[in-house]
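In: predicted structure and sequence below. I'll ask about it afterward.
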Amino acid sequence: MEIWIVRHADPDYEHDSITEKGEREAKLLAKRLAEYEFSAVYCSPMGRAQKTASYYLEMTGKTAETLDWLREFEGNVETEDGGRMQCWDRKPAYWTKIDDYYSYEKWLDVELMKKGDVKRHYLKVKDGIDSLLKEHGYEKSGRIYDVTNSNHDRILVFCHFGVEAAILSHIFSISPMILWHNFVALPTSVTRLASAEREEGKAIFMAIQFGDLSHLYAGGEEPSFKARFCECYEDETRH
């Protein structure tokens, strides 16, 4: 089977929607996705994901099942001054020095991660993707999957980069810190996973595309900068 994960279009975070640029992106995305057949469509309940999906759904006449666990990853940690911030918003000079952040088994046990609700939110995503894939014939067993219904289904998921990284981390059994910090899925990017059943009844998932934006380039639309950081410190972009 294949899992297609789409990040929402260029966001208007203030209104939980998408910008005018995002609308252009979503229309180009819809045109591309409409060329394929999907057995099921799932969507985050948040407005920017729902709006992005709406162009595809309107074009194809399909419906999407809204799943609460697909909302943007909400895990927060306490800061030194008693405030709270998103768990992935850590400077590289801090987190790269801690070996446990690179471990799928240990990253949640780092002292900072225990000072918040990160584990609860991560387990919600873990249980959500496990339940969804089990429904489609693939049941997680350690670091691989037991295949209960080998198939060529193709499912489509509209969500957010933070939760996409959490989903991929569990499917691949790797720490999400690596995905949150060393990968970036720009708005309307498409990530495709395909099952690989090299032994009967046992499978893994392989990323055959990550963050694909070919639909934007084909339509002459420049990709958004959202989720990136400055290339050079002197740049007047996101630090």
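Out: In hand now; what should we look at?

In: what's the closest non-adjacent residue to the residue sitting nearest the centre point of the chain?
Out: Nearest to the mean C-alpha position of the chain, by CA atoms, centre = their mean, lies residue 164 at 1.3 Å. Distance criterion CB to CB, 6 or more residues apart in numbering; nearest residue to residue 164, sequence neighbours excluded, is residue 5 at 5.3 Å. The way it works is simple: take the backbone N, C-alpha and C, and place the C-beta from them, glycine included.

In: the one you found pairs with what?
Out: Taking DSSP bridges as the rule, residue 5 bridges to residue 157, residue 191.

In: please look at it and residue 160 and confirm they touch.
Out: No. With contact defined as CB atoms under 8 Å, residue 5 and residue 160 do not form a contacting pair (10.0 Å).

In: between the two, which one's more packed in?
Out: Using other CB atoms under 10 Å as the criterion, residue 5 and residue 160 rank with residue 5 on top: 27 against 23.

In: give the contact list for that one.
Out: Residue 5 makes contact with 157, 159, 164, 167-168, 185, 190-193 under the criterion CB atoms under 8 Å, 6 or more residues apart in numbering.

In: counting neighbours, which of these comes out on top?
Out: Among those, residue 159 has the most neighbours (other CB under 10 Å), with 29 neighbours.

In: contacting residues around it?
Out: Contacts for residue 159 were tallied using CB under 8 Å, 6+ apart; they are 5-8, 43-44, 49, 70-72, 167.

In: closest to residue 229 among the residues you listed?
Out: Distance to residue 229, by CB to CB, is smallest for residue 7 among these, at 16.4 Å.

In: is it true that the closest one touches residue 164?
Out: Yes. Residue 7 is within contact range of residue 164, at 6.3 Å (criterion: CB under 8 Å).

In: quick check: the gap between the nearest residue to residue 175 once chain neighbours are set aside and residue 179.
Out: Distances taken as CB to CB, 6+ apart place residue 107 nearest to residue 175, at 4.4 Å, with adjacent residues excluded. Computed with CB to CB, to the nearest Å, the distance linking residue 107 and residue 179 is 11 Å.

In: same deal with residue 167?
Out: If you measure residue 167 against residue 179 using CB to CB, the figure is 9 Å.

In: quick one: common contacting residues for the two?
Out: With CB under 8 Å, 6+ apart, residue 167 and residue 179 have no common neighbours.

In: now the strands for this structure?
Out: Taking DSSP state E, the strands of the chain run over residues 2-7, 11-12, 17-18, 40-43, 65-66, 76-78, 84-86, 138-141, 144-147, 154-159, 190-199, 202-212.

In: in JSON lines, list the ones you listed along with distance to residue 122.
Out: Below are the strands of the chain laid out as JSON lines (distance: least, CB to CB, whole Å):
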{"stretch": "strand 2-7", "distance to residue 122": "17"}
{"stretch": "strand 11-12", "distance to residue 122": "22"}
{"stretch": "strand 17-18", "distance to residue 122": "27"}
{"stretch": "strand 40-43", "distance to residue 122": "19"}
{"stretch": "strand 65-66", "distance to residue 122": "21"}
{"stretch": "strand 76-78", "distance to residue 122": "12"}
{"stretch": "strand 84-86", "distance to residue 122": "13"}
{"stretch": "strand 138-141", "distance to residue 122": "14"}
{"stretch": "strand 144-147", "distance to residue 122": "19"}
{"stretch": "strand 154-159", "distance to residue 122": "15"}
{"stretch": "strand 190-199", "distance to residue 122": "19"}
{"stretch": "strand 202-212", "distance to residue 122": "18"}
